[in-house]
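starting from these lines, generate the structure:
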Amino acid sequence: MKTKIQLFSVAVAMLSFVACSKDDIADEQDPVNQNPATGAPVETGQANTNYAPAFVGQTRVNSVQTTTPYQSTILNSSLSAPWGIVALPDGRFLVTEKVGNMRILTSTGTASAPITGFPTVNNSGQGGLLDVCVDPNFSTNRMVYWTYVRNVTGGTAIAVGKGRLSNNETVIENPVVIYASTTPASPTSNYGSRLMFDSTGNLLVTFGDRFSDNVRIEAQFASSSIGKVIRIDTNGNAAAGNPVISQPGARPEVFTMGHRNSQGLAIHPVTGDIWECEHGPRGGDELNRLQPGANYGWPVISYGIEYSGQPVGGGIQQQNGMQQPVYYWDPVVSPSGMTFYAGNKVPEWQNNLFLCSLTQTHIIRLVIQNNQVTGEERLLVGEGQRFRDIIQGADNALYAITDAGRFYRIDRQ
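The predicted structure is shown next:
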């Protein structure tokens with residue numbers, strides 16, 4: 001089962017940061033029958049560009065279709081713009097609401113009153129109280145971690161907070177900021193802000209490019225948190241074993257760089273690899289397999305174009321020293337929260353990646369083999385919801401939240 005508190009048996013590999021694919025392991029442990037992709041691609045819309053992919057299968061792969069009967073159930077429809085959700089050890093969930101609330105949800109959808117004690121958030125635009133995760137030792141220390149947007153000199157910035165959930169579950173005790181973005185900006189968008197524990201008990205946090213032309217270039221500077229995935233310990237210090245990036249002033253917490261607006265992180269349940277998704281501009285949404293210290297190119301290379309219709313930078317899609325996305329979408333799907341399915345109720349879903357789509361209002365299912373996408377399916381299209389985050393619960397069902405305040409359970413019939 002994948003949750004944001006799950007630990008995997010790959011600690012040695014993560015500590016050494018050997019950026020290998022572990023293809024042989026994946027081949028042996030992935031199910032043999034994963035619905036071979038035989039249908040036409042699910043995307044039929046016109047692309048924003050005529051850019052050629054770098055390799056076959058990088059975009060618009062053939063479709064797959066789930067054959068196991070499954071159903072979706074709306075458990076709650078009165079949440080206020082939920083953004084992040086995490087499973088608790090007892091099968092319940094913590095969910096954030098952008099306005100600045102956090103609530104506990106039962107597996108049947110009953111929501112608690114708002115938990116108090118959080119700092120003031122700026123929830124304008126894409127801001128607010130955003131992602132949440134719990135300590136791997138939550139059962140004993142009750143520590144909760146979250147990301148939020150706050151007002152600072154020069155605009156707004158993302159901060160990472162932590163505090164203890166009180167025994168009566170009504171208040172966060174002793175909240176503190178353990179890490180804050182190094183670059184404020186005035187736009188209220190492209191915050192990124194997904195938060196997750198890795199297999200070594202350290203935190204991975206995504207920081208967006210903040211949309212502004214004069215700020216986003218800092219995604220290429222290791223001296224800034226803009227456009228980065230950082231890796232810190234639970235006190236906010238750079239985690240031991242982080243990659244060394246050979247740039248002047250490189251921050252030791254930087255794990256990867258060159259990202260635009262990362263809203264999804266997940267760990268493969270077999271290989272332990274860390275996967276990330278991010279929004280492109282007009283086209284060019286990306287799925288990446290993160291390699292420590294790697295540069296993913298934004299805003300130098302992109303499979304999208306500016307909102308004005310002009311090329312991004314020099315209009316190039318490949319450059320030496322910059323990583324290619326495993327997969328990209330054009331037109332955009334605006335991918336958000338994501339999770340690998342590690343359950344057994346729907347065998348054909350095992351080790352598949354499920355991503356939330358905001359603008360195209362569905363849940364994306366991707367079949368991944370040998371670190372390449374081999375099939376794509378769209379689920380819950382008829383719901384018409386901007387899906388924001390998705391996780392797997394203790395019962396092996398998938399649970400998803402939407403911008404409109406719905407809480408879904410997705411499981412075998």
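
ok, residue 133 to residue 271 distance?
21 Å (C-beta to C-beta, to the nearest Å). Any C-beta I mention is one placed from the backbone N, CA and C, and that applies to glycine too.

and the gap between residue 263 and residue 221?
To residue 221, residue 263 is 22 Å away according to C-beta to C-beta.

quick one on the thing from earlier: so for residue 133 and residue 271, which residue has more residues nearby?
Ranked by neighbour count (other C-beta atoms under 10 Å), residue 133 and residue 271 place residue 133 first, with 28 against 24.

A strand includes that one, no?
Yes - judged by DSSP: H, G, I helix; E, B strand; the rest coil, residue 133 forms part of a strand.

so it touches residue 143, yeah?
No - using C-beta atoms under 8 Å, residue 133 is not in contact with residue 143; the gap is 9.8 Å.

could I get the buried residue list for stretch 199-212?
Buried residues in stretch 199-212, counting neighbours by 16 or more other C-beta atoms under 10 Å, are found at 199-200, 202-212.

let me have the residues you listed in JSON lines, adding pLDDT as columns.
Listed next are the buried residues of stretch 199-212 as JSON lines, based on pLDDT from 0 to 100:
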{"residue": "199", "pLDDT": "96"}
{"residue": "200", "pLDDT": "97"}
{"residue": "202", "pLDDT": "98"}
{"residue": "203", "pLDDT": "98"}
{"residue": "204", "pLDDT": "98"}
{"residue": "205", "pLDDT": "98"}
{"residue": "206", "pLDDT": "98"}
{"residue": "207", "pLDDT": "98"}
{"residue": "208", "pLDDT": "98"}
{"residue": "209", "pLDDT": "98"}
{"residue": "210", "pLDDT": "97"}
{"residue": "211", "pLDDT": "96"}
{"residue": "212", "pLDDT": "93"}
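
those residues in strands, which ones?
Among those, the members found in strands (DSSP state E) are 203-207.

for these, which one is nearest residue 45?
residue 206 (27.0 Å; C-beta to C-beta).

who's in contact with the closest one?
192-195, 228-229, 259, 262-263, 265, 276, 278 (C-beta atoms under 8 Å, 6 or more residues apart in numbering).

mind doing that once more with 10 Å?
Residues near residue 206 by C-beta atoms under 10 Å, 6 or more residues apart in numbering: 131, 147, 158, 191-196, 227-230, 255-256, 259, 261-265, 276-278.

how about stretch 117-136: buried residues?
Neighbour-count burial for stretch 117-136 [16+ other C-beta under 10 Å]: 117-119, 121-123, 126-136.

stretch 244-257 now?
245, 250-257.

next one: stretch 264-280
For stretch 264-280, burial by neighbour count (16+ other C-beta under 10 Å) applies to 264-280.

ok now it, how far from the chain's centre?
7 Å (C-alpha atoms, centre = their mean, to the nearest Å).

for it, output the C-alpha coordinates as PDB.
Output of stretch 264-280 as PDB, limited to C-alpha atoms (Å, rounded to 0.1, in the frame of the first residue of the first chain):
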ATOM      1  CA  GLY A 264       2.800  15.100  -7.900                       C
ATOM      2  CA  LEU A 265       5.300  12.800  -6.200                       C
ATOM      3  CA  ALA A 266       5.200   9.000  -5.700                       C
ATOM      4  CA  ILE A 267       7.500   6.100  -5.000                       C
ATOM      5  CA  HIS A 268       7.400   3.000  -7.100                       C
ATOM      6  CA  PRO A 269       6.400   0.100  -4.800                       C
ATOM      7  CA  VAL A 270       8.900  -2.300  -6.400                       C
ATOM      8  CA  THR A 271      11.900  -0.300  -7.600                       C
ATOM      9  CA  GLY A 272      11.700   2.400  -5.000                       C
ATOM     10  CA  ASP A 273      12.300   5.000  -7.700                       C
ATOM     11  CA  ILE A 274      10.800   8.500  -7.100                       C
ATOM     12  CA  TRP A 275       8.500   9.800  -9.800                       C
ATOM     13  CA  GLU A 276       7.300  13.400 -10.300                       C
ATOM     14  CA  CYS A 277       4.800  15.200 -12.500                       C
ATOM     15  CA  GLU A 278       4.500  18.800 -13.400                       C
ATOM     16  CA  HIS A 279       2.500  21.300 -15.300                       C
ATOM     17  CA  GLY A 280       3.800  22.700 -18.600                       C
END
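
contact partners for the closest residue to residue 125 other than its chain neighbours?
Take residue 125 and drop its neighbours on the chain: the residue closest to it by C-beta to C-beta, 6 or more residues apart in numbering is residue 188, 2.8 Å away. Contacts of residue 188 were listed using C-beta under 10 Å, 6+ apart, and they are 122-128, 149, 155-156, 210-211.

if we go to 8 Å?
Each residue near residue 188 by C-beta under 8 Å, 6+ apart is listed here: 122, 124-127, 149, 156.

and residue 66, by the same measure?
Here residue 66 is in contact with 35, 346, 348-349, 365, 377, 379 (C-beta under 8 Å, 6+ apart).

against residue 161, how distant is the residue lying farthest from the centre of the chain?
Farthest-out residue of the chain from its mean C-alpha position, per C-alpha atoms, centre = their mean: residue 168, at 30.2 Å. For residue 168, the distance to residue 161 equals 20 Å [C-beta to C-beta].

got it, and residue 407?
Distance of residue 407 to residue 161, given as C-beta to C-beta: 24 Å.

do the same with residue 143
Relative to residue 161, and taking C-beta to C-beta, residue 143 is found at 11 Å.

who's more crowded, the two?
For residue 143 versus residue 161, neighbours defined as other C-beta under 10 Å are more numerous around residue 161 (22 against 18).

most surrounded residue in the contacts of residue 66?
With neighbours taken as other C-beta under 10 Å, the top of these is residue 349, carrying 27 neighbours.

give me phi/psi at the closest residue to that one other than its chain neighbours?
Spatial nearest neighbour of residue 349, excluding adjacent residues (C-beta to C-beta, 6+ apart): residue 341 at 4.4 Å. Main-chain torsions, residue 341, degrees, to the nearest 10: phi -90, psi 120.
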